[in-house]
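Undergrad: Okay, sequence plus prediction incoming.
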Amino acid sequence: MPIRSRQDLVDRGFIHAASSDITPRAAYEGRRDMLKLLAGGAAGAALASWAARDALAQTVAPGKLAPLKGVKSNVPGAQTMEKLTDYKDATSYNNFYEFGTDKGDPVKNAGTLKTRPWTVEVEGLVNKPGKYGIEDLLKLSAQEERIYRLRCVEGWSMVIPWVGYSLAELIKKVEPQGSAKYVEFVTLADPKTMPFVGSRVLDWPYAEGLRMDEAMHPLTLLTFGMYGEVLPNQNGAPVRIVVPWKYGFKSAKSIVKIRFVEKEPGTAWNKAAANEYGFYSNVNPNVDHPRWSQATERRIGDGSGLFAKRTKTQLFNGYEAQVGQLYAGMDLKKFY
């Protein structure tokens with residue numbers, strides 16, 4: 001979710017206590033071995049296999065929550081080989097306004113969230129509406145590990161190993177009708193367990209939406225875990241959406257309803273400030289937020305403060321080859 005002022009951007013988005021950036025010994029030795037291969041002219045196929053092994057070796061369950069393993073995904077684009085964000089950062093630097101507006105609020109306050117029992121209701125323009133317990137959703141399709149880049153509209157980013165399966169698996173099961181053009185996600189809004197529900201920051205419950213072809217794209221992930229374990233409460237437990245080519249606030253957390261509708265649904269941040277947060281909200285370095293540039297980003301863990309390292313943001317967050325065709329012919333500055 002985005003912040004609301006330039007001062008907030010400075011206070012929350014660009015001053016961050018960095019975690020250790022020391023390269024693990026195993027990773028260092030693996031890279032040293034790779035350099036030997038390069039020197040001997042044996043890179044070729046070894047480079048790809050080494051990179052894959054190095055990335056997957058980073059995904060070590062932290063031993064904090066119940067394990068949830070996923071098989072390696074074969075979906076194109078589902079396995080970025082970039083360095084993973086440290087688990088501690090990914091679970092303590094969050095936007096989840098139901099638990100507070102500061103980055104450290106969710107990890108402090110989300111312990112009140114009760115994730116069992118949990119039901120997701122599917123309704124609207126489908127032939128098979130119904131209610132699904134979280135246990136039913138977990139078993140609906142094989143769990144996969146997807147290592148995705150995550151880009152926040154505030155100008156920071158992470159790399160996270162999620163566990164889940166393509167949302168399309170659930171969509172096919174409920175059989176959308178031909179008139180269904182959009183999918184709306186409605187999240188839990190319980191003031192008893194979410195202390196900031198009722199604040200004036202947003203309309204509650206938090207709602208997001210996707211066009212049907214976006215929802216059906218294989219990269220759109222119905223997500224139940226991260227780092228080989230179930231989702232922590234502050235990261236959207238027990239079930240959320242992850243749409244890696246869009247800004248992070250499009251990936252609705254703690255979902256309780258999925259609606260299939262004909263007209264574009266109103267979404268939380270678009271309703272709050274339509275001139276700042278469009279319905280599509282695709283990552284685009286060429287379309288600035290009205291109050292800051294989107295050309296670069298700061299990867300959490302790569303330094304802190306005003307002089308933290310910044311890298312160029314990629315169109316569609318680097319997933320253009322997989323999703324660019326969804327927006328062929330569209331004016332991406334108008335449909336931002």
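TA: Right, received. Where do you want to start?
Undergrad: Who does the residue most central in space within the chain form a beta bridge with?
TA: A centroid search over the chain (C-alpha atoms, centre = their mean) returns residue 242, at 4.0 Å, as the residue closest to the centre. In this entry, residue 242 is beta-bridged to residue 221, by DSSP bridges.
Undergrad: Show me the helices in the stretch 151-300 of the chain, by range?
TA: Taking DSSP state H, counting those that start in this stretch to define them, one finds helices in the stretch 151-300 of the chain at 167-174, 212-216, 268-272.
Undergrad: With residue 258 as the reference, name the closest of these.
TA: With C-beta to C-beta as the criterion, residue 258 lies closest to helix 167-174 of these, at 7.7 Å. (Glycine included, C-beta is placed from N, CA and C.)
Undergrad: Point out where the chain drops to low pLDDT.
TA: 1-58, 305-306 (pLDDT under 70).
Undergrad: need the strands for it, in chain order.
TA: For the chain, applying DSSP state E gives strands covering 71-72, 119-124, 130-133, 144-151, 156-166, 182-187, 207-211, 221-226, 229-230, 240-242, 255-261, 296-299, 311-312.
Undergrad: give me every residue that touches the nearest residue to residue 192 once chain neighbours are set aside.
TA: Residue nearest to residue 192 in three dimensions, not counting chain neighbours: residue 112, with 7.8 Å by C-beta to C-beta, 6 or more residues apart in numbering. Residues in contact with residue 112 (C-beta atoms under 8 Å, 6 or more residues apart in numbering) are 192-195.
Undergrad: at 10 Å what do you get?
TA: Contacts for residue 112 (C-beta atoms under 10 Å, 6 or more residues apart in numbering) come out as 99, 190, 192-195, 233.
Undergrad: would CSV of these with distance to residue 174 and neighbour count be doable?
TA: CSV is the format used below for the contacts of residue 112 (distance: C-beta to C-beta, whole Å; neighbours: other C-beta atoms under 10 Å):
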residue, distance to residue 174, neighbour count
99, 30, 24
190, 25, 16
192, 30, 8
193, 28, 19
194, 27, 24
195, 33, 16
233, 27, 24
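Undergrad: which of those sit farthest apart?
TA: The widest separation within the contacts of residue 112, taken as C-beta to C-beta, falls between 192 and 233 and amounts to 14.3 Å.
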